[in-house]
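[1] one predicted model, sequence on top.
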Protein chains: 2
Amino acid sequence: MAVKEGDFVKIGYTAKIQETGDVFDTTDETAAKEAGIHVENKSYGPIPIVVNGGHVLKGLDEALVGMEEGEEKTVEIAPENGFGMRDPKLMQLIPMSEFRKQGMKPEVGMAISSEGTTGIIRSISGGRVTVDFNHELAGKNLVYDIKVEDVIEDDVEKVKSMIELHYKAPNLDSDKHDIQIEDGVVRIAMDEMAKFDKQPYMDVTFARFRISRDIWENIENIEKVEFVDVFEKKVEEAAEEVVAEEVAEEVLTDEDKKE
Amino acid sequence: MAVKEGDFVKIGYTAKIQETGDVFDTTDETAAKEAGIHVENKSYGPIPIVVNGGHVLKGLDEALVGMEEGEEKTVEIAPENGFGMRDPKLMQLIPMSEFRKQGMKPEVGMAISSEGTTGIIRSISGGRVTVDFNHELAGKNLVYDIKVEDVIEDDVEKVKSMIELHYKAPNLDSDKHDIQIEDGVVRIAMDEMAKFDKQPYMDVTFARFRISRDIWENIENIEKVEFVDVFEKKVEEAAEEVVAEEVAEEVLTDEDKKE
């Protein structure tokens, strides 16, 4: 059955810049190593997305529609369906004196950060430095080799796929998530390890919101998603010990505060 | 009805060092100001505890048993039921040269921190500095004026009181917690604001564990506590906007990572 908008799929891909043939992104570890863009500790392999869910480039979403499970395809993606056109306004002239003030010696090709965005120094002349704040891939024609590895049919597996996509925590075991769907409500009790996440609670909330939104927009009749952390009177000994130690520390801290 | 072990109560107190009469802790804002120990932005007023739950000094837990709601009482607490006896081993001699190495000029009465504990410099002589790592109130006889402000009878209110005790977040509205108790399970959906807590998820987990433990140890027939974060398809506009903005930012960040 052909892939359509709103389907949950797993895709593998390798992406090149058309002009140079340089591989800039891939889900395949071997291809990443060959291209010299391999990242240590990154988990490679097919990634779960919702077709037309905005999780990948527009051109990729469009290419997936109509493909069959297992099918491979090579697609060309123009800048407007890729990383956008180049914007001349994002080429900025910065006086050399600004760099000196910060003790920096600008060189062509050097990347600099300003207010959260990154630019590349393109040229230096007459005391002025031209910095390009366009996305590195803006204006490029891209070539994607894509494969639809899996079309996910089961609702519980669809939920798990969105947790995998949005919840970046390396130690979570997808098989340990407990997911119940009943009366329009998805109830998610994640792998216990998720309780010990060190990232701010708020960031977890944003990930959960994205998971929830993808679920209710793409699985029929779902109106509500609940994330549940369960604490039971009889817990595994190991977990209890870990928590007990922490509690001991916290109690000490509280007592100190009493002074 | 007299207060007994395991009761959920709200208590007010003002605590003095017997010898000097100095107030070192109080739940009363006016008393704190008079004693010169007022802390800006701290919320004063009666605090919820479980009697004999280890939330307060042993001597205080003991004094509460048998008191009536509304009753006031003054109790003397000996060091062994207060902050403990003084331990001579916690008086440490540190060579003056150690302080010089760190560019510090020790003075009697100065507080110094070492490996997470705080000590007070008691004396300096012959190139040696005596630092006292005993708790400031160790060895002191204490006098507590206590009042049992409230004995909490309702189970939902008991749960709320433990959230108030263990979950330090200034912007939470206790009236907005949704608490359901059914079939031995307490289900807690906290005030929506809790979702936007900036502290690490793990720290929230430890607070939740303490809340849960106090609940199942002191409310009959409770075996399980669930903390639930709900995400609904139709959310209030304001909240949706906040999240949408953050999502936009995060998407940008994700795209940057693709490079």
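    Good, I have the coordinates. Residues are numbered from 1 along each chain as shown, chains lettered A, B, ... in the order given.
[2] okay, stretch A:207-220 in PDB with CA atoms only?
    The C-alpha coordinates for stretch A:207-220 follow below in PDB (Å, rounded to 0.1, in the frame of the first residue of the first chain):
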ATOM      1  CA  ALA A 207       9.400  17.100  24.000                       C
ATOM      2  CA  ARG A 208       6.200  15.700  25.400                       C
ATOM      3  CA  PHE A 209       4.100  18.400  23.800                       C
ATOM      4  CA  ARG A 210       5.700  17.600  20.400                       C
ATOM      5  CA  ILE A 211       5.000  13.800  20.900                       C
ATOM      6  CA  SER A 212       1.400  14.500  22.000                       C
ATOM      7  CA  ARG A 213       0.700  16.900  19.100                       C
ATOM      8  CA  ASP A 214       2.100  14.400  16.500                       C
ATOM      9  CA  ILE A 215      -0.100  11.700  18.100                       C
ATOM     10  CA  TRP A 216      -3.400  13.600  18.200                       C
ATOM     11  CA  GLU A 217      -2.900  15.100  14.700                       C
ATOM     12  CA  ASN A 218      -2.100  11.700  13.100                       C
ATOM     13  CA  ILE A 219      -3.800   9.000  15.000                       C
ATOM     14  CA  GLU A 220      -7.600   8.900  14.700                       C
END
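[3] buried set for it?
    A:207-216, A:218-219 (16 or more other Cβ atoms under 10 Å in any protein chain shown). C-betas here are computed from N, CA, C, even on glycine.
[4] mark which of those are part of helices, please.
    Taking DSSP state H, the ones among those that sit in helices are A:207-216, A:218.
[5] can you put the buried residues of stretch A:207-220 in CSV and add pLDDT and distance to chain B?
    As requested, the buried residues of stretch A:207-220 are exported to CSV (pLDDT from 0 to 100; distance: Cβ to the nearest Cβ, whole Å):
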residue, pLDDT, distance to chain B
A:Ala207, 95, 9
A:Arg208, 96, 6
A:Phe209, 96, 5
A:Arg210, 95, 6
A:Ile211, 97, 8
A:Ser212, 96, 4
A:Arg213, 95, 8
A:Asp214, 96, 11
A:Ile215, 97, 9
A:Trp216, 95, 5
A:Asn218, 96, 12
A:Ile219, 95, 11
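[6] tell me the one of the residues you listed nearest A:Ser43?
    Here the nearest of those to A:Ser43, counting by Cβ to Cβ, is A:Ala207; it sits at 16.5 Å.
[7] unless I'm mixing things up, that closest one is touching A:Ala169, no?
    No - counting by Cβ atoms under 8 Å, A:Ala207 sits too far from A:Ala169 to count as a contact (9.0 Å).
[8] so which residues of the stretch 151-259 of chain A form helices?
    A:155-166, A:201-218, A:237-258 (DSSP state H, counting those that start in this stretch).
[9] tell me, which of those helices is the model least confident about?
    Mean pLDDT values for the helices of the stretch 151-259 of chain A show the minimum at helix A:237-258, a mean of 52.
[10] just to revisit the earlier point, can you redo the buried residues of stretch A:207-220 as CSV with distance to B:His55?
    Shown next, in CSV, are these (distance: Cβ to Cβ, whole Å):
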residue, distance to B:His55
A:Ala207, 34
A:Arg208, 32
A:Phe209, 35
A:Arg210, 38
A:Ile211, 37
A:Ser212, 36
A:Arg213, 40
A:Asp214, 42
A:Ile215, 40
A:Trp216, 41
A:Asn218, 47
A:Ile219, 45
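[11] which single one of these is nearest to A:Val9?
    A:Val9 has its nearest neighbour among those in A:Asn218, at 11.3 Å by Cβ to Cβ.
[12] need the contact list for the closest one.
    By Cβ atoms under 8 Å, 6 or more residues apart in numbering or on different chains, A:Asn218 lies in contact with A:6, A:8, A:50, A:53, A:158.
[13] what does the stretch 51-200 of chain A put close to chain B?
    Selection of the stretch 51-200 of chain A residues close to chain B by Cβ under 8 Å from any Cβ of the partner chain yields A:54, A:83, A:118, A:135-137, A:194-200.
[14] select only the buried ones of those residues in PyMOL?
    The buried residues among these can be selected in PyMOL (16+ other Cβ under 10 Å) with this line:
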select buried, chain A and resi 83+135+136+137+194+195+196+197+200
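[15] for chain A, which segments count as strands?
    A:8-17, A:23-26, A:47-50, A:72-77, A:91-95, A:111-114, A:117-125, A:128-132, A:142-152, A:178-182, A:185-189, A:224-232 (DSSP state E).
[16] quick one: strands adjacent to the last one?
    The sheet places strand A:224-232 alongside strand A:185-189 (parallel), strand B:224-232 (antiparallel), with pairing taken from DSSP bridges.
[17] please dump those strands into TSV; it should also carry mean pLDDT, mean neighbour count and distance to B:Lys42 for every row.
    Formatted as TSV, these follow (pLDDT from 0 to 100; neighbours: other Cβ atoms under 10 Å in any protein chain shown; distance: least, Cβ to Cβ, whole Å):
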stretch	mean pLDDT	mean neighbour count	distance to B:Lys42
strand A:185-189	97	20	36
strand B:224-232	96	19	26
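[18] export those strands to a markdown table and append columns for distance to A:Ser113.
    Formatted as a markdown table, these follow (distance: least, Cβ to Cβ, whole Å):
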| stretch | distance to A:Ser113 |
| --- | --- |
| strand A:185-189 | 37 |
| strand B:224-232 | 34 |
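[19] A:Val23 is nearest to which of these?
    Of the strands paired with strand A:224-232, nearest to A:Val23 by Cβ to Cβ is strand A:185-189, at 35.7 Å.
[20] next, the angle from that closest one to helix A:201-218.
    140 degrees (axes from the mean of the first three to the mean of the last three Cα atoms, to 10 degrees).
[21] could you dump the residues of the stretch 51-200 of chain A next to chain B to JSON lines with pLDDT and distance to A:Lys224?
    Listed next are those as JSON lines, based on pLDDT from 0 to 100; distance: Cβ to Cβ, whole Å:
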{"residue": "A:Gly54", "pLDDT": "93", "distance to A:Lys224": "22"}
{"residue": "A:Phe83", "pLDDT": "94", "distance to A:Lys224": "36"}
{"residue": "A:Thr118", "pLDDT": "88", "distance to A:Lys224": "39"}
{"residue": "A:His135", "pLDDT": "91", "distance to A:Lys224": "37"}
{"residue": "A:Glu136", "pLDDT": "89", "distance to A:Lys224": "40"}
{"residue": "A:Leu137", "pLDDT": "93", "distance to A:Lys224": "38"}
{"residue": "A:Ala194", "pLDDT": "94", "distance to A:Lys224": "20"}
{"residue": "A:Lys195", "pLDDT": "93", "distance to A:Lys224": "22"}
{"residue": "A:Phe196", "pLDDT": "93", "distance to A:Lys224": "26"}
{"residue": "A:Asp197", "pLDDT": "92", "distance to A:Lys224": "23"}
{"residue": "A:Lys198", "pLDDT": "92", "distance to A:Lys224": "28"}
{"residue": "A:Gln199", "pLDDT": "93", "distance to A:Lys224": "24"}
{"residue": "A:Pro200", "pLDDT": "94", "distance to A:Lys224": "24"}
